[in-house]
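Asks: Compute the structure for the input listed below.
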Amino acid sequence: MREIDTDQLASALGSRATVVDVREPREYADGHVPGAVNIPMGRLSDRLDEIDRSAPVYVVCATGNRSSAMTDFLTAAGFDAYNVVGGTTAWTRSGRLTHS
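Replies: Next comes the predicted model:
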């Protein structure tokens, strides 16, 4: 599995990349990486058609556990997927704001 840190994610936000937040809707509503699309882990397999297969996909959760599993799933499904190490917790601790 390929992983990136929050600095690499911040650099990628201006590109064609897609950020998928696999947390539950209430977690997402409390704050998320700007531009992230909320597709809860349990719904990801049903919503693959919503993700651009031609661009990198950065997968984020609260700490990196759920996103790690979903990155493996997306990679096996043919996506160019990367796990964001530390998730939104690391994003916030790095001084970046989440959107709510």
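
Asks: Just list the residues touching the closest residue to S94 other than its chain neighbours, thanks.
Replies: Leaving aside its sequence neighbours, S94 sits nearest to T6 (CB to CB, 6 or more residues apart in numbering; 4.9 Å). Every residue, glycine included, has its C-beta placed from N, CA and C. Residues near T6 by CB atoms under 8 Å, 6 or more residues apart in numbering: 84-86, 90-91, 94, 96.

Asks: Same question for D5.
Replies: Listed by CB under 8 Å, 6+ apart, the contact set of D5 reads 84-86, 90.

Asks: what are the phi and psi angles of it?
Replies: Torsion angles at D5 (phi, psi; degrees, to the nearest 10) stand at phi -100, psi 180.

Asks: ok, now the one 3 residues further on?
Replies: Here the main-chain torsion angles of Q8 (degrees, to the nearest 10) amount to phi -70, psi -40.

Asks: Then Y58?
Replies: Main-chain torsions, Y58, degrees, to the nearest 10: phi -100, psi 120.

Asks: excluding its backbone neighbours, what's nearest the residue positioned nearest the centre of the chain?
Replies: Centroid-nearest residue in the chain: V59, 2.4 Å away (criterion: CA atoms, centre = their mean). Of all residues not flanking V59 in the chain, S67 sits nearest, at 4.2 Å (CB to CB, 6+ apart).

Asks: and the residue nearest to S94, how far is that from Y82?
Replies: Shown here: T6 relative to Y82, a distance of 12 Å by CB to CB, to the nearest Å.

Asks: for D7, same thing?
Replies: Here the distance between D7 and Y82 works out to 13 Å (CB to CB).

Asks: more crowded one of the two?
Replies: Y82 (24 against 11; other CB atoms under 10 Å).
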